[in-house]
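*Asks:* give the three-dimensional model of this entry:
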Amino acid sequence: MKILTVLTYYRPHTSGLTIYAERLARAFVKRGHQVTVMTTQYDPSLPSKETMDGARVVRVPVIARVSKGVLAPTFGLVATKLVWEHDVVQLHLPQFDAPGVAFRARLFGKPAVLTYHCDVQLPMGVFNRFVNFVVDFQNDMAGRLANHIVTYTQDYADNSPYLSRYKSKLTPILPPVELPAPMPGAVAAFAEAHRPVVIDLAGTMEHVEPVRRRQFFLDVILREVRPGEPLAGELRVPAEVLASASSAWVRLAVERVAEGTATLVVNGKAVVVPRAISPENAPLLRDIPIDPRTLLPNNRIELHARDGSAGFLLCSASVIVDSQ
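*Replies:* Here you go, the predicted model:
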């Protein structure tokens, strides 16, 4: 498949958006697709055409800048040619030229997928208010013309004023993350070097019975849980912590969990994951109280998605124990 990626700035410019686009283009190439990145020649010393990590990069000359935006008179002409030559168009927003490219995709019958990275809110001022208005208008037009929209998380999709208008064609997909493999023994050495962590307190406190809170994490992160495909793992809690435990709860960081669609099982005891948010008022967190007497030195934690549901994403799971 021939994929056209369009954005204002691309490598060697460094930002979260450009790194995201670079990693995605690189992944498309590895899967055997032909990728062209259309961007601007924000630095005149950059070549107008080159190949980076297997992707063809086409840079359109810039004649002026407005804030972080650029003016590239031939952008539309180049876009017309490239959109016609490709099978699908991927746009990264915010981007001033996005609606024109999305319109060309509609005109030529090519699907356009829009990735919305962030809202733009410039400092106060008459000129900045005008720029904000123009960018918001361009983003909105691109959203209307795009076939589908992608953003990072469900939480952002629910709370962004822009994204909430397009729920019918919106899919949250976590950004591409590349982590180097740790060197042998590095994790254990880091843990040993930073244990224990002591935070000094300057001030006075009333005399109260001290409470010690400890949190133990399941060794599973960023895993999809689907109907018929439960997630299970082992979680250890030291016996000396259990001996003095006064209260305990399971903390889940999850996405796309509606009430009644997820079940937590701790050592064979099941409880429906609640819809209520955590005391910290973090919408992605679910705090589920459990009897500390049900905890063991070695605990089996399971998560199940209800049959007929779309499943959910587990970001992390942990057990928190208070001791006195």
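*Asks:* dig out what the residue lying closest to residue 7 once chain neighbours are set aside forms beta bridges with.
*Replies:* Spatial nearest neighbour of residue 7, excluding adjacent residues (Cβ to Cβ, 6 or more residues apart in numbering): residue 92 at 3.9 Å. From N, CA and C alone the C-beta is placed, and that goes for glycine too. Note on residue 92: beta-bridge partners by DSSP bridges are residue 115.
*Asks:* my guess is residue 92 contacts residue 117. True?
*Replies:* Yes. Using Cβ atoms under 8 Å, residue 92 is in contact with residue 117, at 6.5 Å.
*Asks:* overlap in contacts, these two.
*Replies:* Residues touching both residue 92 and residue 117 (Cβ atoms under 8 Å, 6 or more residues apart in numbering) are 17, 20.
*Asks:* where does pLDDT dip in the stretch 51-200 of the chain?
*Replies:* Within the stretch 51-200 of the chain, the stretches with pLDDT under 70 are 67, 122, 195-200.
*Asks:* span of stretch 147-162 from start to end?
*Replies:* One end of stretch 147-162 sits 16 Å from the other (Cα to Cα, to the nearest Å).
*Asks:* ok, and what's touching that stretch?
*Replies:* By Cβ under 8 Å, 6+ apart, the surrounding residues in contact with stretch 147-162 are 111-117, 119, 136, 139-140, 143, 163-164, 166-167, 169-175, 255-256, 283-284.
*Asks:* all helices for the stretch 51-200 of the chain, in order.
*Replies:* According to DSSP state H, counting those that start in this stretch, the stretch 51-200 of the chain carries its helices in the segments 75-85, 98-107, 126-145, 154-159, 186-193.
*Asks:* can you pull the domain assignment for this protein?
*Replies:* As given by automatic domain parsing, the domain ranges for the chain are 2-172, 208-323.
*Asks:* mind putting those domains in CSV, distance to residue 186 and mean neighbour count included?
*Replies:* CSV is the format used below for the domains of the chain (distance: least, Cβ to Cβ, whole Å; neighbours: other Cβ atoms under 10 Å):
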stretch, distance to residue 186, mean neighbour count
domain 2-172, 24, 17
domain 208-323, 16, 15
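*Asks:* ok, which of the ones you listed comes nearest residue 184?
*Replies:* Nearest to residue 184 among the domains of the chain is domain 208-323 (17.7 Å), distances taken as Cβ to Cβ.
*Asks:* can you put the helices of the stretch 51-200 of the chain in a markdown table and add distance to residue 20?
*Replies:* As requested, the helices of the stretch 51-200 of the chain are exported to a markdown table (distance: least, Cβ to Cβ, whole Å):
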| stretch | distance to residue 20 |
| --- | --- |
| helix 75-85 | 20 |
| helix 98-107 | 16 |
| helix 126-145 | 17 |
| helix 154-159 | 14 |
| helix 186-193 | 27 |
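*Asks:* out of the ones you listed, which is closest to residue 16?
*Replies:* Judged by Cβ to Cβ, the one of the helices of the stretch 51-200 of the chain that comes nearest to residue 16 is helix 154-159, at 13.4 Å.
*Asks:* could I have the closest one exported to CSV, CA atoms only?
*Replies:* Provided in CSV are the C-alpha atoms of helix 154-159 (Å, rounded to 0.1, in the frame of the first residue of the first chain):
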residue,chain,number,x,y,z
GLN,A,154,-9.8,7.5,25.6
ASP,A,155,-9.5,10.0,28.4
TYR,A,156,-8.2,12.7,26.0
ALA,A,157,-10.9,11.7,23.5
ASP,A,158,-13.6,12.3,26.1
ASN,A,159,-12.2,15.6,27.4
